[in-house]
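> A structural model of the following input is requested.
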Amino acid sequence: MMKDRNQKKVGNEGEMIAESFLKNLGYEIVEKNYRYGHGEIDLIAKDLQNNCIVFVEVKSRRNLEFGEPEYAITKSKIKQLKKIAGLYLYDKNIEDIDCRFDVIAILFRGKQSPLVKHYKNAFD
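Have a look, this model is predicted:
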């Protein structure tokens, strides 16, 4: 149970960092933790510069014991994200706008500031 709580804490911290990272790039955060059924999209943002909707998956880790955070995204997770993104667009009646999927990987490094990697258009 304690481990689950720690993972959730790491995830929440990572999402807050990702949100401010995107805001600093000039993105507008539209939704946080958009849920549909059993799935969730961490952040949905508008890339105002490119006029597109960005579905963002945030992966955070405290160490590299299980590899880089971005490698935790499986094929089934990608499939699920695409499905939820489609449902989001349908739900909000959004048409005729470009969309993409980004990944933000965050590695916490103790007292050092976290390492943030942004993968634009991470999967089609």
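
> alpha carbons only for contacts and neighbour counts from here, please
OK.

> can you give me the helices in the protein?
With DSSP state H, the ranges of helices along the chain come out as 2-24, 75-91.

> where does the residue nearest to Y36 when sequence neighbours are not counted land on pLDDT?
Excluding the flanking residues, the one nearest Y36 by Cα to Cα, 6 or more residues apart in numbering is I84, at 6.4 Å. pLDDT recorded at I84 is 96.

> now swap in I17 and tell me
For I17, pLDDT reads 96.

> quick check: longest strand of the chain.
Across the chain, the longest stretch assigned as strand under DSSP state E is strand 98-109.

> What residues sit buried inside that one?
C99, R100, F101, D102, V103, I104, A105, I106, L107, F108 (16 or more other Cα atoms under 10 Å).

> Which residues outside that strand are in contact with it?
14, 18, 51-63, 68-70, 114-124 (Cα atoms under 8 Å, 6 or more residues apart in numbering).

> got the angle for that strand vs helix 75-91?
Angle of strand 98-109 versus helix 75-91, following axes from the mean of the first three to the mean of the last three Cα atoms, to 10 degrees, is 130 degrees.

> I'd like the numbering to begin with 730 instead of 1 from here.
From this message on, residue numbering opens at 730, which makes the last subject strand 827-838.
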